[in-house]
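# Have a look at this prediction, sequence included:
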Amino acid sequence: MTALLTVDSVGKSYGERKILSSAFLRAKPGSVTALLGRNGAGKSTLLKIAAGWIAPDYGTVRFREVTYMRPRLHELAAQGLFLLPVDHSLFSPSFTLRQHLQAVSATFGGSQLNEIAERLGIATLLDQFPYSFSGGERRRAELAVALLRAPVCLLADEPFRGIAPKDAEVLMAAFRHLAEQGCGIVLTGHELTFVLPVADEVIWVNSGTTTLLGSSADAEGNWRFRREFLGTVQGDVRSDVL
């Protein structure tokens, strides 16, 4: 199956600190990829490069059969690539959730506002202001913004972080439904109870590079991945700021 998105041989440094040296990422239509690694490994950096938020030092981004040596956010977004970031609010405090979603619908032609709100369990929140939401409610509302844009490819950075299991289950179902519609999805996160069951394949970010591990079962059976990542992830609770 031809990948929708391929990020190849990417490198990125901040000053003298090298984050990525030869990193790879892909998203296939109708499939969910889990991008896993220790905090600070460069997962968020790789997603931002893939979406055109930041420029790589070298490497390429190929999306929908077009190769970008200098990927730019507006170009990739216009072709259907959407990044759902972590810790970056998509909302203005001046508007209700309904007003936000109506604005997205008007701009991008989305016509399923009520259906998406029902699916994500936020229909009763439409006339409230997002600043009053719990963490899980806010994350579901942010995903609603993404779904209204009908993305061809969705990159979701730490979507399960800091939310209750009931909220995570709603997100899991939404990601699977979106993949069934043909969207290519990439997720990051340390909440493996939620990330691994929804993933079709796993890519491991480690020491500046990446390894394609195969399915979730293949990843869990990889001795090096078990020893160097699964054995430590439960105790690593810092924010992945890079």
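Sure thing, it's come through. Numbering: from 1, shown residues only.

# so where is the protein shaky, pLDDT-wise?
Applying pLDDT under 70 to the chain flags residues 110-111, 232-242.

# Looking at it, which helix is longest?
Using DSSP state H, we find that the single longest helix of the chain is helix 165-180.

# Mind listing what's buried along it?
Using 16 or more other CB atoms under 10 Å as the test for burial, helix 165-180 gives 167, 168, 170, 171, 172, 174, 175, 178, 179. Glycine gets a C-beta too; all of them are placed from N, C-alpha and C.

# centre of the chain versus stretch 169-179, how much separation?
What separates the centre of stretch 169-179 from the centre of its chain is 12 Å, taken as CA atoms, centre = their mean, to the nearest Å.

# what do you get for stretch 74-82?
That offset, for stretch 74-82, works out to 14 Å (CA atoms, centre = their mean).

# which other residues reach it?
Under the contact criterion CB atoms under 8 Å, 6 or more residues apart in numbering, stretch 74-82 has outside partners 5, 50-52, 61, 63-64, 66, 68, 146, 149-155.

# in that stretch, what counts as buried?
76, 77, 80, 81, 82.

# what about that stretch, how long is it end to end?
10 Å (CA to CA, to the nearest Å).

# Tell me the one of the buried residues of helix 165-180 nearest residue 35?
residue 175 (13.6 Å; CB to CB).

# Packing partners of the helix or strand hosting residue 217?
If you go by DSSP states H and E, residue 217 is part of helix 216-220. Packing partners of helix 216-220 (3 or more CB pairs under 8 Å, 6 or more residues apart in numbering; DSSP states H and E): strand 32-37, helix 192-198, strand 201-206.

# which of the residues in the second one are buried?
Under the neighbour-count criterion of 16+ other CB under 10 Å, helix 192-198 has 192, 194, 195, 196, 198 buried.

# Distance to residue 92 added to those residues, as a markdown table?
What follows is the buried residues of helix 192-198, written out as a markdown table (distance: CB to CB, whole Å):
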| residue | distance to residue 92 |
| --- | --- |
| 192 | 34 |
| 194 | 29 |
| 195 | 30 |
| 196 | 35 |
| 198 | 30 |
